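> for reference, the sequence and a predicted model appear below.
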Amino acid sequence: MSAFIMSAALSYAQIALALAACLGGFRLLYGPRAQDRVLGLDTFYVTAMLLFVVTGIRVGSPFFFEAAMVIGVLGFVATVSLAKFLIRGEVIE
Amino acid sequence: MTYLETLPAWIAIPVAFFLVLGATLTLLGAIGLARLQSFYDRLHAPTLGTSWGAAGILLASMILVSWTEGRAVLHELVIGIFLMVTTPVTLMFLGRAALHRDRIEGTPGIPGAVERSDVPIGPVSPPEGETAFADPAEAPGEG
Amino acid sequence: MEIVLSAAIGVFAGSGIWLLLRPRTFQVIVGLILLSYAVNIFIFSMGRLTIGKPAIMPKGGWVNAAEYADPLPQALVLTAIVISFATTALFLVVMIASKGLTGTDHVDGREPYRSGETK
Amino acid sequence: MIEQNLILILVLLPFLAAIAAATLPVNSHGAAAWVSGLSLAGGLVILITLYPQVSEDEVVRSLVRWLPILSINLNFRMDGFAWMFTFIVLSIGILVVIYARFYLAKTDPVPRFYSFLMAFTGAMVGMLLSGNILMLVVFWELTSIMSFLLIGYWHQSQSARDGARMALIVTAGGGVALTVAMLVLGQIVGGYDLDLVLRSGEIIRNHALYPLVLVLFLIGAFTKSAQFPFHFWLPGAMAAPTPVSAYLHSATMVKMGVFLLIRFQPSLGATDLWFWLVGGIGMLTFTLGAVIALFRHDLKGMLAYSTISHLGLITALAGMGSEAAIIAAIFHIVNHAAFKASLFMTAGIIDHETGTRDLRKLSGLRKALPVTFVLTVIASAAMAGVPLLNGFISKEMFLAETIASHGGNILDNALPWIAAFASVFSVAYSLRLVMEVFFGPEAQNLPNEHVHEPKHWMRFPVELLVAVCVIIGVLPWLADPILNVAGRAVLGPDMAVARVAIWHGFNTPLMISLFALAAGTALWVTARGRINAGPEGPPVLYRIRAQKVYEWLLLRLTWVWPRALHRLFGTERLQTQLRLLVVLGICAAAVAIWGGLAPAEKRIGNDLNPAFAIMWLVGGACAIGAAWQAKYHRFAALVLLGGAGLITCVTFAWFSAPDLAVTQLVVEIVTTVLLLLGLRWLPKRREEIAGDDLLIAKARRGRDLIIAAIGGGGLAALAWVVMTRPLVPNIGDWFLRNAYYEGGGTNTVNVILVDFRAFDTYGEITVLAIVGLTVYALLRRFRPGSESISAPEQQQGYAADRLENFILIPSVIMRWMFPVTLVIAAYLFLRGHDLPGGGFSAGVTVAIGLLLQYIGSNVRWIEARIIILPIRWMGIGLLIATATGIGAWLFGYPFLTAHARYLDIPLIGKVPMATAMLFDLGVFLAVVGATVLLLIAIAHQSLRAARLRELEEEKAEEKATKQKGAA
Amino acid sequence: MMLATEHLIIAPILIPLIAGALMLLYDESQRKAKLGISIGATIALLFVAIELLNRSKGSPLSGGNEISFYLLGDWAVPFGIILVLDRLSALMLLLVSLLAIPTMIYAGANWHKQGQHFNSMFQFLLMGLNGAFLTGDLFNLFVFFEVLLAASYGLLLHGSGQVKVRAGIHYIAMNLAGSLFFLIGVALIYGVTGTLSMAHLSQMVVNIPESERPLFHAGAAIMGMAFLVKAGLWPLSFWLPITYMASAAPVAAMFSVMTKVGVYVILRLSMLFFGLGAGASAGFGAEVLIWGGMATMVFGMLGVLGSQSLGRMAAHLVLISSGTVIAVIGLALSGGGTSMLSGALYYMVSSTLATATLFLLIEPMSREEGGIAAMLALTADAYGLEKDEDEDEEVGLAIPGTMTILGLSFGVCLLVLAGLPPLSGFIGKVAILSGMLGVGGLPPYLTWTFLAVLMISGFATILGLVRIGIQTFWASDSKPPKVLAMEFAPVILLVLFIAAITVRGDSVLRYTDATSRALHDPLIYSVGVFSSRQTIGTEEDE
Amino acid sequence: MTRLFPHPLLTAALTLVWLLLTSFSLGHLILGAVVAALASRAFAAIEPERVKVRSPKSLVKLFFIVGLDIIRSNYAVARLILTGGQHGKRRSGFVEIPLQLRDPAPLALLSMIVTATPGTAWVEYDEETGTLLLHVFDMIETDDWVKLIAIRYETLLLEAFPR
Ligand code: NA
Ligand code: NA
């Protein structure tokens, strides 16, 4: 029973997150403005992170945690620098 | 998936619930991101994912791992905290970038820039006596 | 899964190759990065695909090696990632320097068409 | 034993003299000449002491091993033929040295001259005495090089440079052919020993490669001896100082070709091919040289063609190949050396005294140069074949040989007629020489006003040589012994004893001679005016002068066509090169696989996960999108690239590679920032690139698209084929089994990186350090393009904003994240050996933390607070890693041997303590240093640009205040 | 317990690395100290290389081929990385250090001041080269390739400037692409065979199942692209002239050994994997090497003839040199015989030294307005396109000492590169040809084509170099350039090396002959490698 | 002590993070404390000023209020995204909110709160005038938003962090 519940929930979560990533990817690809792309990438990062966690649950392995944590702590650096570039035209000044 | 079969229902159900909740909210956020018409609107969408979307999934993980390990495993909390701390930075920058661009383009409905008495652009001089590089153009390695 | 990953390698490599053959430095650098992704995944795939069994061993006891992912390609990819990161950075800087010194971002350091010549 | 050493000394002496002369001061005329002359005299003494043995048909040998493995040794052998030739070389050498002592000007750098001259002599002697056919080639080529240097002695003159180059190209080219001939010859007979080759005539002639060897051999001989069609370099070589012409280009070096022909006649000769090629070319050259000589106005040019002609004569004799012909050839070599060397020297005297060598300008010099006049007349007569002079005798022998039968083919039958024809011209040009220079009215308007006899010592060599001409001409039997010794050396001991005589009765050769004398005189008398008025060469023929052909051909062969071909088969465009690389790579793989690949016996595979497929849908789109946008929308491409990188990271995580996922992620972040930093210096594209929408550009893109599709598809196919095959037993299993027990860590990947294959990591961090240094060094010298100096558009205009203003709040958060990243880095670092993480990811994490501060604040602000010395970090990191590796030596283990154990530390518990972690610390430091250095070095460019802007603004302000003040 | 001398094998990698890293701790202003460290390290390297060379000769007991190993981390073959010292690698090590000392000194005169951290990068380059020559592991080879490439990027760009950066883009792009090929190839080989050890692979080749063999070949072919790029095989060589011309003189001199890394790897791997005993894989790729090598020679020849500058010519001479060796490798794979390969090895050493000398000569020759700078009018003069008939000034002019030394050194280079007697170039070519003709194991059309191409390319070299030599030393009447003693000394040193290998040609050839024979018998290598014992194991045994 | 532990609060928080990441054991407490202290010292280099919390109680209160608000707005925004697309009733827009807060640290906290709460987006803060420009997803009433931010959050923040 719980196996079924878990299996269903996990499959759902995986697919939902993958779809979310897909939609983030849509903004990433479609734009129309650069900000949209960055926003899309940001979403992409977060969903990927969540996907790691879900996958970790699914395969019962704790080893996905590091990757998820690195995204959680450092993932924003990429999007922040992209965003700052949009505002200032350079990342470091 | 062997270890999941041994789960008691009272663990499985909340875990499944939080998983579904988190995934759904994240998905909804992404749908919003894709469907909403204005950029400022879209700016709100991902926060569904970074707030309860993430929280749901992380909670599910915490409950499950804590149960399997037989002790409180809360390291997912770290992810949650830092996700919350760091998300504003990107979004603030992005919002500001959009604003800036809209102001230049004169898009209607955008609040204008506040009049200010700023001094012209220029970097702030470093505190005296603490200068690491006599010449800023000298890259590090020399200091 | 194998078919997806193969296709993925193909798409990355194809895009990378296409960019590699373009005339602008930025295109080339993006191409190199994409290609290195493709190559890294390719190296990785040479150990075959294993889901959910990272090469992290129990502390003691007998190990059935067949159950785990092949660690060697992973180690190779790690080295390859680092090296291609380094060389990409280098190429980037040379690209910047080239733009500064030659005034163009063409890979040959000069524009193939002079303005007005073709128009 | 003594003889051995004597031969070595004989070869060595001139070289020693060359070295000695080279070290003399520039103006030491006398000393250099004495050194050279004495060394040659010493050689002559040695030669004479060896004569008794040589005259007994003994071969004196000496062997110095040089390259025994290649059978190339300094294997010298002296028989009668070599003895005679060496004697000519040394004796004429002495005369030339004496002559040159007075010929060269005070300002000439004489040490160089004598040095080259002596080196040439040494090479010549070495070649004559070589008992190893490859050593023979070595000395052969050395003479070419020395000849080149000597012709170019007065290198300020264009003609000297051209002449030298032409001579070298032709003779060295011939040398190349000769080298191959000798190599093949050596393979045919099974060794490079000259005696062996000379013994193996039968084998050689019957070998399939004989024609090839012969042709290559003849090219070598003919180029050196200036035979048609390689004759043209010799006139060009006349730009050399006259002593050189007299020595190298008449008496000695040019004779090397005929020396070779005569020497190898027994082993290569006596075939129809030999007869036709050698005899035919010889006769042709004989004739052509004589005809052209008549029409040359330049005195030395005439002598050069005359030399060509006489060399042709000797060649023809070698071609005929009978005993008498060989004897005649040897004899003519001696005679020609005598009269031609003297003629060159007199030509030098005339040139020296009058300042010109133009026969048309020269006239009536017999009064001003009475002695020279007599000497020239005698030498010319010898050249023309006037009786009672040496030239007559050997020419008679030649004519007799042309009449004799050598097989009775067309050429053989035509020989006398050709000989007669050419002889007429020989007489005519000899006559012309004497008459034009010494007879007629006294010349006016000569470059030198006061023409008088030169110093006696300058004339002395000529006198001596002319005396020889006369003595041999009158008492030819004096030459008998030497001729026989030389002849036996070539033809073998069974040779019939040769006797030379003046008078053989009224026979056909004499008739031809007399006819030639008469007809030649008549020819000159009748054609004199027309020749003098005509061009520098015979009518019609002068237009197709070989030198012109040579120059035309050389220009095209060595410049125009190579350049065109080089352009055709090369490119300097990067795109073409990369395209070639990719296409060839695809082809290589395709060819290797083609047809041979069998399907796997047992196909394996994982079930398709839709989530993964969906993710890759985005990933693929990102890659394609990045490719699409990279030209005009770099920023968009960059964001898309970030998406592609992320999906790669997801893939790694999915397939059980958490370490890879972490590393890929941190690297991805840094790469994005790096690219952004770089993007600052590539201004936004505002207009379409010219020519981008042309059909050809589209076609090019289409072609590349096909290549890309094939390449990508190919790699995908390869990956699929391998992935679906069962895993072969591999070394990976060993790592899994031993990571914990042997490597002391549970994370096999990390244990591989820091222990099993730590050496890879060691190299990898070195790469990082090098790249850091390179970037740093390159950017130190960087000047941004003018369009990039101005502030980005976002920082201009009314909406311009101070950085502090909008970064205030974000920067607080970013600063908070700094200690967090450090903690995370420490976590990743300490975990590495057991769980995903490690020195590299920890290092990059620290770098990202620092980077964040740079992004979140002003660079100067942050650098005032944190002092980073990335280069030292790198250095220390590398040294720590090395020291860890070397540490194992102390325990008697190889480099990088790790010691691992789990320490049970109180309170903390079991902690993996491997020396590998110390190594990982080195990795960590090097990575932090390199990454930070990379980022900061690029980031500092913005500062520079800002500073430049400030300077400009200051300037503008100053200007404005000045203007105000002025107003 | 390892003997201290056993560690000597890794010294060629560690010495430069330590020196390079140590110099990073010094300030940029402490140039003298850095130069001192650098030269000291390089000299130490030479001594090590000589000792290793002697070691590789082994004793009569070992059949004249001593394979020495170094198990890094004390892990057994084929799991860990192993350094293998055989005759070939010892020869390459010695060649590198022979080049490094003069080049280092030369750079010390002036060049190292033109940018940052020259000495460190130079040492890292040495590390990469030595590592590539020593390693017995395919992936480790990749790593060392990257080390030496990264260092070469840095050295090429040293001093900066438009020309260098322009060339740098091409050079880096080509090599990055090449590196990707390398990775694909290595990965594929691992995927098919499950090992990375060269010795292991060499033993496995015969037993690869026929269904997998095409994949193995594909891996080797793809990987080969990287080496062919590095070796400058036509048509993958167009980057080379531009790069070599752009780089600073000492860097270009060092680069002349860099193409040889590609050549070395091709030689090593094709002999190990595709030698005559490799069963169905025997001779794989030989055709490509033969025809590609010859095409490279021809292309180099065209370049030599069509060059207006000595730098360009020298770069094309590098192409001829590596094309020749590659062609011989291909021929050796097709049964050309051991002596031919031995000759090629000798030729490689000699031509590398000569091209390096040439690169060091170029810069002084073009220093003043005279010399090479005057050569822009080269074609006009050399071909008499605008012949001016002023022969009035036939007055001798003293060649000052500078020009004499430069001229002599140039002459030496010319003789060596053109293969003219009596110097090493001639010996090399004769050795190749007599080896080829002597064995006669090749189809005649190959024999004669190769012979013709070899001889003609030598002849073209004469044409090209003489043209430029005349122009530089004879046709210009400008003042001789000022050359520092520190720039002369290296040139003279290199000339002395050339003289040494000429005079002692027999010993060198005996060495290369044994090397070639060992290469033809891959079992010597692989059995040797597998006989290596872990330190830990031997202790237990005792 | 201050020089050794320039930011005690931060050190404690980081130690906690360490413990969360590893495990709650004495050994890791020591190790974590060492790491955290070192990290705090590094932080002190760029931020010598110590953040003082006057009233932790207000912070805790704020934490719970925000927690609830987040849950509520999650629901609201999720519903709006599901339905809003079709009906178009929703009206979004900018709101200018004058703030009394001037310290960067509490402002940063406020920004986190605003961001974490779906429906509000921090767009621009003007340092000089102290005005925050907010974008709201569903504009009910401008004043409501001002109230929400200025009263519900800002007051508590002002209490917690002294000026
Ligand atoms: Na006259
Ligand atoms: Na929000």
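Great, that's in hand. Ligands and ions are numbered 1, 2, ... in the order given.

> in chain A, which residue sits closest to chain E?
The nearest approach of chain A to chain E comes at residue A:92, 21.1 Å away (Cβ to the nearest Cβ). For the C-beta atoms, the positions are set from N, CA and C on the backbone; glycine is no exception.

> for chain B, tell me whether the helix or strand of chain C with the lowest mean pLDDT is touching it.
Lowest mean confidence among the helices and strands of chain C (mean pLDDT, DSSP states H and E): helix C:71-102, at a mean of 89. No - Helix C:71-102 stays out of contact with chain B when judged by Cβ under 8 Å from any Cβ of the partner chain, the minimum separation being 12.2 Å.

> quick one, the longest helix belonging to chain E and helix C:71-102 angle?
Longest helix in chain E, counting residues (DSSP state H): helix E:162-193. Helix E:162-193 runs at 170 degrees relative to helix C:71-102, counting by axes from the mean of the first three to the mean of the last three Cα atoms, to 10 degrees.

> list the buried residues for helix E:162-193?
E:163-193 (16 or more other Cβ atoms under 10 Å in any protein chain shown).

> report pLDDT for the nearest residue to residue E:138 once chain neighbours are set aside.
Closest residue to residue E:138 apart from its sequence neighbours, by Cβ to Cβ, 6 or more residues apart in numbering or on different chains: residue E:196 at 4.7 Å. Note on residue E:196: pLDDT of 91.

> could you measure from residue E:196 over to residue E:519?
21 Å (Cβ to Cβ, to the nearest Å).

> and for residue D:840?
For residue D:840, the distance to residue E:519 - Cβ to Cβ - is 37 Å.

> in chain D, where is pLDDT below threshold?
Applying pLDDT under 70 to chain D picks out residues D:1, D:540-546, D:686-687, D:781, D:783-789, D:793-805, D:900-903, D:905-913, D:967.

> name the SS class of residue D:445, please.
Classification of residue D:445 using DSSP: H, G, I helix; E, B strand; the rest coil returns coil.

> for it, give me its contacts.
For residue D:445, the contact set (Cβ atoms under 8 Å, 6 or more residues apart in numbering or on different chains) comprises residue D:361.

> nearest residue to residue E:279 other than its sequence neighbours?
residue E:206 (4.1 Å).

> what's the burial count for the one you found?
Neighbour count for residue E:206, taken as other Cβ atoms under 10 Å in any protein chain shown: 12.

> contacting residues around it?
So residue E:206 contacts E:277-281 (Cβ under 8 Å, 6+ apart).

> isn't there a helix covering residue E:476?
No - counting by three-state DSSP, residue E:476 is not found in a helix; it is coil.

> in which helix or strand does the residue most central in space within chain B reside?
Nearest to the mean C-alpha position of chain B, by Cα atoms, centre = their mean, lies residue B:87 at 1.9 Å. Using DSSP states H and E, residue B:87 falls within helix B:76-105.

> that helix near ligand 2 at all?
No - residues of helix B:76-105 contacting ligand 2 under Cβ under 5 Å from the ion: none, with a closest distance of 7.4 Å.

> wait, doesn't the residue nearest to residue E:138 sit right on residue E:137?
Yes - using Cβ atoms under 8 Å, residue E:196 is in contact with residue E:137, at 5.3 Å.

> which neighbours do these two share?
Common neighbours of residue E:196 and residue E:137 (Cβ under 8 Å, 6+ apart) do not exist.
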